[in-house]
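[1] pasted the sequence and its predicted model underneath.
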Amino acid sequence: EKAEKAMQLFNETMTTTSGGLATTTDGAYGLNERIQITTDGAYTIDELIEGIEGYVSHLNTEGEDGRALLDLSLYPYAFKAAHIDPTQFDRNGIGESSYKHSATRLQGSEPQADIVGRAEAILDAIALGEDASSLVEDLLSTQTETGYFKDPQETVRLEKDGVAQARAILALEAYYGTDVEVEWPNYEEGKDYGYVGALKKVLSMQGVSGDFTGDVFNTMMPGRFSYPENNRSATQLIVGLLSSHMEDEIILKEDGTTLGEICQEAIYQGLKFINSGANIGLPNIYYSIPMWIALGQPEKIEEYELLNKLKQYRNEDGSGGYRISRRSGVKCKEYDTQQVLIALSDLREGEVSWRRIVTPQAKSVRSILETLRGLEVPHVTKVDIDLPTQGVQGTTISWESNHEEIITPDGKVVQPSYTTQVTLTATFTNGD
């Protein structure tokens with residue numbers, strides 16, 4: 001009876017040309033054709049992540065003690081994002097070569113691989129809790145006076161590659177934080193070295209249709225393989241990046257237009273382009289999920305059924321990995337699976353990885369910015385005012401007044417005989 005029910009369930013959920021399971025002469029159940037079980041909606045996010053963990057652990061047995069030997073960049077970052085124990089894998093294969101561009105791995109000579117590799121090295125180091133200062137200095141040394149990051153051959157093409165530029169900025173934000181008022185060490189007045197210059201360069205890359213250009217790939221792609229230019233994925237990545245800057249008040253134009261206002265318009269135009277077509281490819285899906293989370297609109301993920309679409313790209317062998325097509329090579333499957341893992345972790349945590357996996361300094365900067373943006377002090381008062389001393393995530397605020405006889409540092413107001421301007425200075429502290 002149980003066997004009959006199992007057969008009925010399988011026949012209802014499989015795709016096969018054989019006509020389903022059949023009873024053999026000895027009473028067992030047999031099937032000559034290969035079957036594919038369709039399980040839309042059957043897996044939770046945790047189960048999908050566990051499936052990926054199993055897929056990676058069975059990639060090979062070439063590592064120490066028979067563990068899977070990994071050589072693809074961003075594995076430490078992806079494991080950190082998904083709370084996967086990295087000790088079950090042999091990561092000795094992830095070294096300098098994992099982050100360096102090789103023309104033998106990519107179709108032609110892809111200059112952006114050099115910048116992407118430098119950025120991924122920083123993210124992996126942060127995920128592992130290692131000192132990334134020398135890697136950061138190395139990446140900053142590639143920035144030009146017009147704001148973009150160049151490869152050692154100074155290929156002009158990188159001036160228009162939004163993906164490479166965005167990944168470089170995200171890596172540096174993970175290290176320094178997202179306060180544009182605090183420039184990177186390579187800043188030079190009158191030139192576009194530094195943080196704001198890098199953002200300005202990315203913004204200048206937006207096309208008239210609202211799209212950004214760039215190639216989506218990993219520096220360890222095998223053979224002569226490279227993902228083709230994908231404007232939709234590039235735009236999704238950059239819109240996610242710009243979402244951190246919608247409230248930036250630094251003025252960029254003579255008419256008083258702020259960086260935040262420019263970013264808001266760029267995001268609006270970018271979303272128009274993204275929404276003008278369907279998310280039809282795997283990269284479009286695993287870049288779209290973090291984008292909607294970064295924008296604070298996770299409901300769009302359900303509205304566009306992105307999770308169900310993602311499941312359609314799971315390997316048919318049930319290994320838990322993902323691939324764009326049946327022609328995808330092993331390393332391509334690894335990369336796609338890795339990116340899916342990061343996207344799923346973002347969905348589970350409700351926050352994008354590039355805001356979670358950061359240095360203590362970057363965490364402090366973010367807490368201070370959130371405290372600052374939530375601070376409300378009246379411009380005119382006749383009564384005592386509330387001057388908070390505590391902020392977000394352990395942030396403390398101390399106050400100074402240039403007229404303590406009128407407004408004290410704790411907000412007590414002594415009414416003056418005539419209107420007087422008082423300057424209050426707040427000092428924010430978080431961490432070391």
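    Right, received. Where do you want to start? In this text, all values refer to a predicted model and were calculated from it rather than measured experimentally. Numbering: from 1, shown residues only.
[2] strands of the chain, start to end?
    14-15, 22-23, 29-30, 36-37, 396-401, 424-429 (DSSP state E).
[3] quick one: contacts of the last one?
    With contact meaning Cβ atoms under 8 Å, 6 or more residues apart in numbering, strand 424-429 is reached by 368, 371-372, 375, 377, 387, 391, 395-402, 407. Every C-beta, even on glycine, is put in place using the N, C-alpha and C of the backbone.
[4] and with 10 Å instead?
    364-365, 367-369, 371-372, 375, 377, 385, 387-389, 391-392, 394-403, 407, 409, 411 (Cβ atoms under 10 Å, 6 or more residues apart in numbering).
[5] what pLDDT, on average, does it get?
    Taken as a whole, strand 424-429 carries a mean pLDDT of 90.
[6] buried residues, that strand. List them.
    Buried positions in strand 424-429, judged by neighbour count with 16 or more other Cβ atoms under 10 Å: 426, 428.
[7] distance from that strand to the middle of the chain?
    Between the centre of strand 424-429 and the centre of its host chain there is 31 Å, according to Cα atoms, centre = their mean, to the nearest Å.
[8] what strands line up against it, and which way round?
    strand 396-401 (antiparallel) (DSSP bridges).
[9] one step back: compare the strands of the chain and say which comes out lowest on pLDDT.
    Mean pLDDT per stretch puts strand 36-37 lowest among the strands of the chain, at a mean of 43.
[10] mind listing what the residue nearest to residue 48 when sequence neighbours are not counted touches?
    Spatial nearest neighbour of residue 48, excluding adjacent residues (Cβ to Cβ, 6 or more residues apart in numbering): residue 344 at 5.6 Å. By Cβ under 10 Å, 6+ apart, the residues touching residue 344 are 45-46, 48-49, 51-52, 78, 81-82, 286, 289, 307, 310.
[11] for the nearest residue to residue 138 once chain neighbours are set aside, give me its contacts.
    Spatially, and ignoring its direct neighbours in sequence, residue 138 is nearest to residue 118 (6.1 Å; Cβ to Cβ, 6+ apart). Residue 118 sits next to 99-101, 135-136, 138-142, 149, 151, 164, 167-168, 171, 219 when contact means Cβ under 10 Å, 6+ apart.
[12] again, only using 8 Å
    Residue 118 neighbours (Cβ under 8 Å, 6+ apart): 99, 135, 138, 139, 142, 168, 171.
[13] touching, the fourth one and residue 172? I think so.
    Meaning residue 139. Yes: Residue 139 lies in contact with residue 172 (Cβ atoms under 8 Å); the separation is 6.7 Å.
[14] quickly list what's touching both of the two.
    With Cβ under 8 Å, 6+ apart as the test, residue 139 and residue 172 both reach residue 122.
[15] grab the nearest non-local neighbour of residue 420.
    In space, and not counting its chain neighbours, residue 420 is closest to residue 406: 5.8 Å by Cβ to Cβ, 6+ apart.
[16] how near is that neighbour to residue 414?
    6 Å (Cβ to Cβ, to the nearest Å).
[17] settle it for me: which of the two has more neighbours?
    residue 406 (15 against 11; other Cβ atoms under 10 Å).
[18] could you point out the longest helix of the protein?
    Across the chain, the longest stretch assigned as helix under DSSP state H is helix 330-349.
[19] quick one: distance of it to the chain centre.
    11 Å.
[20] give me the mean pLDDT for it.
    pLDDT averaged over helix 330-349 gives 88.
[21] give me the buried positions along that helix.
    In helix 330-349, counting by 16+ other Cβ under 10 Å, buried: 331-349.
[22] what's the answer for stretch 250-265, then?
    Buried residues in stretch 250-265 (16+ other Cβ under 10 Å): 252, 258, 259, 260, 261, 262, 263, 264.
[23] show me the contact partners of that stretch.
    So stretch 250-265 is contacted by 180-181, 196, 199-200, 203, 242-243, 245-249 (Cβ under 8 Å, 6+ apart).
[24] for these, which one is nearest residue 316?
    Nearest to residue 316 out of the contacts of stretch 250-265 is residue 243 (Cβ to Cβ; 35.4 Å).
[25] against residue 361, how distant is the closest residue to that closest one other than its chain neighbours?
    Among residues not flanking residue 243 along the chain, residue 294 sits closest, at 4.4 Å (Cβ to Cβ, 6+ apart). Residue 294 sits 21 Å away from residue 361, going by Cβ to Cβ.
[26] equivalent analysis for residue 424, please.
    In terms of Cβ to Cβ, residue 424 sits 27 Å off from residue 361.
[27] same thing with residue 428?
    14 Å.
[28] now the common contact residues for those two.
    Common neighbours of residue 428 and residue 361 (Cβ under 8 Å, 6+ apart) do not exist.
[29] just list the residues touching the nearest residue to residue 387 once chain neighbours are set aside, thanks.
    Once flanking residues are discounted, residue 387 sits nearest to residue 411: 4.1 Å by Cβ to Cβ, 6+ apart. Residues in contact with residue 411, defined by Cβ under 8 Å, 6+ apart, are 384, 385, 386, 387, 399.
[30] switch the cut-off to 6 Å
    384, 385, 386, 387 (Cβ atoms under 6 Å, 6 or more residues apart in numbering).
[31] ok, now residue 175?
    132, 136, 359.
[32] number of residues surrounding the residue nearest to the first one when sequence neighbours are not counted?
    Yep, that's residue 132 we're talking about. The shortest distance from residue 132 to any non-neighbouring residue, by Cβ to Cβ, 6+ apart, is to residue 125 (3.9 Å). Each residue near residue 125 was counted by other Cβ under 10 Å, and the total is 22.
[33] and residue 299, by the same measure?
    The burial count for residue 299: 9, using other Cβ under 10 Å.
[34] find me the pLDDT at it, would you?
    At residue 299, pLDDT is 94.
[35] same thing with the one 5 residues further on?
    The pLDDT attached to residue 304 in the predicted structure is 90.
[36] for it, give me phi and psi.
    phi -90, psi 10 (degrees, to the nearest 10).
[37] leaving out the residues flanking it, which one is nearest to residue 244?
    Nearest non-adjacent residue to residue 244 (Cβ to Cβ, 6+ apart): residue 178, at 4.9 Å.
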